[in-house]
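Peer 1: I would like to see how this sequence folds:
(one chain, ligands or ions: 2)
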Amino acid sequence: MNRKAVGITITQHILKQQRENPQATGAFTTLLTELIVAAKVISREVNKAGLVDILGSTGEINIQDEQVQKLDVFANRVIIERMQHIGQLCCMGSEEVADLIEIPSQYPKGNYILLFDPLDGSSNIDVNVSIGTIFSIYKRKNEGNQSEVLLDEVLQPGIEQVAAGYFIYGSSTIMVYTTGNGTGVHGFTLYPSVGEFLLSHENIRIPEKGKIYSVNEGNYQYWDERTRALVDYFKEKDKSSGRPYTSRYVGSLVADFHRNLLKGGIFMYPADNKDPKKPHGKLRLMLEANPLAMVVKEAGGYASDGQGPILEIDPKELHQRIPLFIGSKQDVEFAEAFLSGKAP
Ligand code: AHM
Ligand code: MG
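Peer 2: Ligands and ions are numbered 1, 2, ... in the order given. Next up is the predicted model:
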């Protein structure tokens, strides 16, 4: 029986990657291991969401002016509390918190920066639809510096991420992550009664071209003419280019992304003029777009803001929003060319 048949655990997998990197100190392994524990706690809570009285709005509004639901607050708290004491982080950033989250002075600090969206797709919580946690890890440029981290040190382009991934709480709980540089994208499924993530999707490759387009088409009237034409294009009948595409939209980025990662296709959240406070669409560059852009790139796909690679954008704010076109390389490259008037 080979190792795969008995099920490689996520811990074994991370340790194997650590052994293959002579520079590794184990700090990163500790960080990821603790994050996995946090995700298991969130997964357990998500799974019993219908059973306990945890649903419903807290009545608070988060810093993005959106209704916060209790499970978001819970997930945010679990990640912060579990990660702040491990000694590997110099700060964190969360979709639910306006400013950088400092490591309390009683705990040791490290060189890593953890950015996360604790519970993405929160509007789907109370209807039993998949939701997820997105994470992104950077290294502090000025390693060993014990002084307080400045926002400038955190605002690094996505290309600088040392790891990224997500947990999806769906029909099963799955973790997908990559450390980039050709190490591949790997997926692990939580075996609930055992409490372990087991390797289920080794070295995921996204198809070069897909058949699915994913977008909230209810925003059609708010898009510019070129974006409308792009979505119309995917719906046109043309056998030679495999059109029309099929439409699939869950409304949880993690779920939409994960499906397209496995099956191929393009996810779009374009800029729109629905809300003057959000002229660049809804999704956040550092907390949502960059981590998934790193995953898709490592899997052979591409992520663009409609003009160029997401991963090369110099962020100006922690909560900066950005248009997102992500998925199969050919589809996203086509969208980018189409939006700039170069195609078809
Ligand atoms: P959230 O982080 O507050 O949950 O918002 C992000 C979510 C994404 O998961 C999803 O892609 C998008 O919002 C859906 O937005 P819309 O309802 O406008 O289609
Ligand atoms: Mg989100």
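Peer 1: Now do the same contact list for the residue lying closest to residue 216 once chain neighbours are set aside.
Peer 2: Nearest residue to residue 216, sequence neighbours excluded (CB to CB, 6 or more residues apart in numbering): residue 249, at 6.2 Å. For every residue, glycine as well, the C-beta is placed using N, CA and C. Contact analysis of residue 249 by CB atoms under 8 Å, 6 or more residues apart in numbering lists 214-217, 256.
Peer 1: what does the chain have sitting close to ligand 2?
Peer 2: Within the chain, the residues that sit near ligand 2 (CB under 5 Å from the ion) are 117, 120.
Peer 1: Poorly predicted segments of the stretch 1-150 of the chain, please.
Peer 2: Applying pLDDT under 70 to the stretch 1-150 of the chain flags residues 1-6, 50-69, 144.
Peer 1: At the contact with ligand 1, which residues of it appear?
Peer 2: Within the stretch 1-150 of the chain, the positions near ligand 1 by CB under 6 Å from any ligand atom are 66, 95, 117, 120-123.
Peer 1: filter those residues to the buried ones?
Peer 2: The neighbour count (16 or more other CB atoms under 10 Å) marks 95, 117, 120-122 as buried among those.
Peer 1: hey, what's residue 302 bridged with?
Peer 2: Beta-bridge partners for residue 302, by DSSP bridges, are residue 327.
Peer 1: need the contact list for it.
Peer 2: Residue 302 is in contact with 296, 309, 326-329, 332-333, counting by CB under 8 Å, 6+ apart.
Peer 1: Closest one of those to residue 202?
Peer 2: Using CB to CB, residue 296 is the member of those that lies nearest residue 202, at 17.1 Å.
Peer 1: Tell me which residues touch that closest one, please.
Peer 2: 206, 257, 261, 302-303, 326-327.
Peer 1: Need those residues in a markdown table (columns: pLDDT).
Peer 2: Formatted as a markdown table, those follow (pLDDT from 0 to 100):
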| residue | pLDDT |
| --- | --- |
| 206 | 98 |
| 257 | 98 |
| 261 | 98 |
| 302 | 98 |
| 303 | 98 |
| 326 | 98 |
| 327 | 98 |
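Peer 1: returning to that earlier point: pull the most distant pair out of the contacts of residue 302.
Peer 2: Longest span within those, CB to CB: 309 and 328, 15.1 Å.
Peer 1: secondary structure class for the most centrally placed residue in the chain?
Peer 2: For the chain, residue 134 is the residue whose C-alpha lies nearest the centre (CA atoms, centre = their mean; 3.8 Å). Three-state call for residue 134 (DSSP: H, G, I helix; E, B strand; the rest coil): strand.
Peer 1: that older thread, element containing the residue nearest to residue 216, please.
Peer 2: Assigned by DSSP states H and E, residue 249 falls within no helix or strand.
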